[in-house]
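Chemist: Any chance you can model this:
(chains A and B)
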Amino acid sequence: MNFEEKLLKSFTNTSEMLDPEQFINKLTTARYAQALKRSQTISSYLALIVILFVGILGFNELDQGAILMDGSYYYSTTIDLDQDEDSEYFDELALYIIEQEEDIWMAFSFFDELEYDKIVNLMEEES
Amino acid sequence: MKTDRELIEEFQRGSDEAFNELVRRYLDLVYRFFQKITPDKMEAEDLAQTVFIKLFKALKKFRFESEFNTYLYRVNVNTANTYFKRNKWRNMLHLDQAPDDGYVETSQEKQWRKEEIWAAVGRLPKKQRLVVMMRIFQVLPFKDIGNILDMTEGTAKVNYHHGIKRVKFLLGNNE
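Modeler: Okay, here's the model as predicted:
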């Protein structure tokens, strides 16, 4: 007996059969389960994409902040630039007010008034 | 009785029953093939199920460029190939540490356990492995093997020759 025949002989006693109807039922269940899993995976990816998209959009919106919003002059960047130029002067002024009044809130309200003055001036200049 | 082509065309038009008829027709062939690969009946059934799930997806776009039989053999062999890759290390372990039970050895004839043979076949290069699988376990002529694997009959024979020589060596049959 040659090698090939011996190999074939090793597999001759495998003849058990499956019930086709039972197998088809199992197959159908497996197919549905696989389709469900696939659709769930696709849904998860779509949800992830939507979340990322909304997140990126939201981040961009929030990143712009109130500064560039139409009609809002209160936190305008131009005021900040002016403040930079005079910062030394305002620092001294703040210290002076705190020393004189011994009340930090007075200093704050004074600076608030200054801000409002600038805004009023800006609005007048524009109109 | 409807031909395979008619059933596939019906299935492509949306009839799942036509597909079930194909399953009834070929379940025996597919299951027998995987029974030869693994001693575990559940695993053989799972592999047969994998084949039919693949067919369910693929037959929707089947263009009849080859015979359904040929296509089915190819799916069988590819599924077996994936199974081999997945169990490569396990197979190697089986081959190196094959237990004694199940052996029938006489001076004239030596029988091997299925796991041993598959472990040896699993260690062959891909082409040789595919040819040996189809020749030994599906008992196909070289011409058909060539058609299924897109190679000439001569190439199939050469691959088989080298493959079987290597299996013989791995099984320790050097007579």
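
Chemist: Which of the helices or strands spans the residue positioned nearest the centre of chain A?
Modeler: Nearest to the geometric centre of chain A sits A:Gly55, at 3.3 Å (Cα atoms, centre = their mean). Assigned by DSSP states H and E, A:Gly55 belongs to helix A:20-64.

Chemist: Can that helix be said to contact chain B?
Modeler: Yes. With Cβ under 8 Å from any Cβ of the partner chain as the measure, helix A:20-64 is seen reaching chain B through A:Pro20, A:Phe23, A:Ile24, A:Lys26, A:Leu27, A:Ala30, A:Arg31, A:Gln34. Where C-beta positions appear, they are placed from N, C-alpha and C, glycine not excepted.

Chemist: The first one against B:Arg25, yeah?
Modeler: Think A:Pro20. No. Using Cβ atoms under 8 Å as the test, A:Pro20 is too far from B:Arg25 to be in contact (9.1 Å).

Chemist: and the longest helix for chain B?
Modeler: The residue-count maximum for a helix in chain B (DSSP state H) belongs to helix B:16-37.

Chemist: Run the angle between the helix or strand just after that helix and helix A:20-64 for me.
Modeler: Sequence order places helix B:41-58 as the next helix or strand after helix B:16-37, per DSSP H and E. Using axes from the mean of the first three to the mean of the last three Cα atoms, to 10 degrees, the inter-axis angle of helix B:41-58 relative to helix A:20-64 is 60 degrees.

Chemist: Quick one: name the residues of chain B near chain A.
Modeler: With Cβ under 8 Å from any Cβ as the criterion, chain B comes near chain A at residues B:20, B:23-24, B:27-28, B:31-32, B:35-36, B:41, B:45, B:48-49, B:52-53, B:56, B:109-114, B:117, B:136-137, B:139, B:164, B:167-168, B:173.

Chemist: And the buried ones among these, selectable in ChimeraX?
Modeler: Listed next is the ChimeraX selection for buried residues among the residues of chain B next to chain A, using 16 or more other Cβ atoms under 10 Å in any protein chain shown:
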select /B:20,23,27,31,32,35,36,45,48,49,52,56,110,112,113,114,117,136,137,164,167,168
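
Chemist: Quick one, which of the residues of helix A:20-64 next to chain B are buried?
Modeler: A:Pro20, A:Phe23, A:Ile24, A:Lys26, A:Leu27, A:Ala30, A:Arg31.

Chemist: Serialize these to JSON lines and add fields for pLDDT.
Modeler: Below are those laid out as JSON lines (pLDDT from 0 to 100):
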{"residue": "A:Pro20", "pLDDT": "92"}
{"residue": "A:Phe23", "pLDDT": "93"}
{"residue": "A:Ile24", "pLDDT": "94"}
{"residue": "A:Lys26", "pLDDT": "93"}
{"residue": "A:Leu27", "pLDDT": "93"}
{"residue": "A:Ala30", "pLDDT": "93"}
{"residue": "A:Arg31", "pLDDT": "90"}
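
Chemist: Can you verify my assumption that A:Ser10 contacts B:Ala120?
Modeler: No. Look at A:Ser10 against B:Ala120 with Cβ under 8 Å: they stay out of range, at 11.5 Å.
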